[in-house]
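Asker: My questions concern the predicted model and sequence given below.
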Amino acid sequence: SNLELVEYYSEFNMTLEEVVGTNSTEQKMETVSQAVEELLVAAQRQDCLTVGVYESAKLMNVDPDSVVLCLLATDEEDEDDIALQIHFTLLQAFCCDNDINIVRVSGVRRLSQLLGEDTEDSNGNEPRDLHCILVTNPPVQPLQCQALQHVSSFCEQSRCSNQWVPYLELRDG
């Protein structure tokens, strides 16, 4: 009945399986990718994003408890960037040690679309380094966002199946 359905949806602690039914993995990945995108946009609006490998490492050192998600982004041309891969390995290890949800994505261009990055800003500054982005939770007004729950439960499920750093593809919008 309709009422049961409403109750069912209002308990938003449901797992991704329940949300997307037993659909293909690809479709599940799609909804998680969308949730990641929504989360980044919402976090940027609330000033809860830390962007850049160096800035992220610094924040994680000082206040790892505030980090709710670490996003590592690469494109094909980054595969040969040894320094970046080393940074990623260290960040991944840190996240795993500190129980911080972590996701690897491809689609740096998509990220720059989402976050309104131009190749350089009006002052001619370099664009921000989007290879590592942290979503932090402000102590005053925590992010009450379904997208965050969605991504967190995806990370949790991935860990349960021993996939510590799940991978998602972000497609250009």
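Answerer: Arrived safely.
Asker: the bottom helix or strand of the chain by mean pLDDT?
Answerer: In the chain, no helix or strand scores lower on mean pLDDT, DSSP states H and E than helix 16-20, which sits at a mean of 46.
Asker: quick one, longest strand in this structure?
Answerer: Identified as the longest strand of the chain according to DSSP state E is strand 67-74.
Asker: what's it packed up against?
Answerer: helix 25-45, helix 53-62, helix 82-97, strand 102-106, helix 108-114, strand 132-136, helix 146-160 (3 or more Cβ pairs under 8 Å, 6 or more residues apart in numbering; DSSP states H and E). For every residue, glycine as well, the C-beta is placed using N, CA and C.
Asker: one more time with 7 Å
Answerer: Applying 3 or more Cβ pairs under 7 Å, 6 or more residues apart in numbering; DSSP states H and E, one finds that strand 67-74 contacts helix 82-97, strand 102-106, strand 132-136.
Asker: Hey, what's the angle from the last one to helix 146-160? Just curious.
Answerer: Okay, so that is strand 132-136. Between strand 132-136 and helix 146-160, the angle comes out at 110 degrees (axes from the mean of the first three to the mean of the last three Cα atoms, to 10 degrees).
Asker: Next, the angle helix 53-62 makes with the longest strand of the chain.
Answerer: Using the same axes, to 10 degrees: strand 67-74 against helix 53-62 is 150 degrees.
Asker: Can you give the contact residues for strand 67-74?
Answerer: For strand 67-74, contacts defined as Cβ atoms under 7 Å, 6 or more residues apart in numbering pick out 60, 88, 91, 95, 100-108, 111, 130-137, 148, 151.
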